[in-house]
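K.L.:
give me a model of this one.
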Amino acid sequence: MKIKKHLKTAAAFSSCAVILSLVGCATTDSTTNPTGSIGANGNRFPSKYIATDGRTIEIGSRSAADGGWNYRDPHLDKCWIASDFNFSGYDTLYIAPTLSTAKLHNPEEESPHQLAKENLPIELNQMLNARNIFANVVFREADIKPGDHVLKLENTITDYAKGGGAARYFVGLYGGGQPVLRVSGKMTDGGKTVFSFEVRRSGTSAGARMVGAFKSDVDIQTEDIRSMVLDLTDFMAAVAGKYQPAN
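P.N.:
Sure thing, here's the model as predicted:
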């Protein structure tokens, strides 16, 4: 009886080992390979990079999807690029006027909502120029030079709330009363989508959470836009080869 009991125990351990090995094969790259993902040809695609200002940034592991790559960037809700695209080889990036499908809750949101639409391309231009990803960034189609190889960036605000200082006073530390901004964006080359993303921010900075009651809704949302743009342009710079992989 003891022999049968030992045999059953050994069989159970063996079955568990097989199951665990199968589970390990099915895990994401970020679990089995925290420094990046590995392609079919054995090449490693780093997930962490050193920015030019010394920061270590992470763009996450990637997996094949829809003729390109989905990235599990921890700072973006969704992130996809075409397989043959790396933001390089273009003369001009045209940032189209920001669109919005967000439903405003009251008339007081109209002015800061419009300001967010205007600030987004301005912040993008500043950080893209700092990273030297594109030779030219323009806001009007009329400014595109004849013969330029052009990328078009279209951004749409899909969720918006201006927030409120009174609510932040009581529950701002937990996200209450914080402004909300969600943006869906895509880059196209001659009508073909080569990059798409979704990103959301809501009182991201420590100041917004700790002393948000004493800061204006617009100031907090401006910080959120800068945080959003920082992560977007970090991703672009890493893929474009402007940042070195982290060891």
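
K.L.:
where does this structure dip in pLDDT?
P.N.:
1-44, 164-177, 205-215 (pLDDT under 70).

K.L.:
how much space separates the spatially most central residue of it from Ser216?
P.N.:
Geometric centre of the chain, nearest residue: Leu76, 2.7 Å, by CA atoms, centre = their mean. In this view, Leu76 and Ser216 are 26 Å apart by CB to CB, to the nearest Å. C-betas here are computed from N, CA, C, even on glycine.

K.L.:
ok, back up a step: so the residue nearest to the centre of the chain touches Phe197, yeah?
P.N.:
Yes: between Leu76 and Phe197 a contact is recorded at 5.4 Å, counting by CB atoms under 8 Å.

K.L.:
overlap in contacts of those two?
P.N.:
Leu232 (CB atoms under 8 Å, 6 or more residues apart in numbering).

K.L.:
hang on, the earlier thing: which of the helices or strands spans the residue nearest to the centre of the chain?
P.N.:
Under the criterion DSSP states H and E, no helix or strand holds Leu76.

K.L.:
for it, what are its contacts?
P.N.:
Taking CB under 8 Å, 6+ apart, one finds Phe197, Glu198, Val199, Asp231, Leu232, Phe235 in contact with Leu76.

K.L.:
measure it to Lys103 for me?
P.N.:
Leu76 is 23 Å from Lys103, by CB to CB.

K.L.:
just give the nearest non-adjacent residue to Pro112, would you?
P.N.:
Leaving aside its sequence neighbours, Pro112 sits nearest to Lys162 (CB to CB, 6 or more residues apart in numbering; 4.7 Å).

K.L.:
where do the strands sit along the chain?
P.N.:
36-38, 44-46, 48-50, 56-58, 62-65, 68-71, 78-82, 92-95, 99-100, 136-138, 150-161, 180-189, 192-201, 244-245 (DSSP state E).

K.L.:
JSON lines for the ones you listed, including mean neighbour count?
P.N.:
Shown next, in JSON lines, are the strands of the chain (neighbours: other CB atoms under 10 Å):
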{"stretch": "strand 36-38", "mean neighbour count": "19"}
{"stretch": "strand 44-46", "mean neighbour count": "16"}
{"stretch": "strand 48-50", "mean neighbour count": "18"}
{"stretch": "strand 56-58", "mean neighbour count": "17"}
{"stretch": "strand 62-65", "mean neighbour count": "14"}
{"stretch": "strand 68-71", "mean neighbour count": "20"}
{"stretch": "strand 78-82", "mean neighbour count": "19"}
{"stretch": "strand 92-95", "mean neighbour count": "21"}
{"stretch": "strand 99-100", "mean neighbour count": "16"}
{"stretch": "strand 136-138", "mean neighbour count": "17"}
{"stretch": "strand 150-161", "mean neighbour count": "19"}
{"stretch": "strand 180-189", "mean neighbour count": "20"}
{"stretch": "strand 192-201", "mean neighbour count": "19"}
{"stretch": "strand 244-245", "mean neighbour count": "14"}
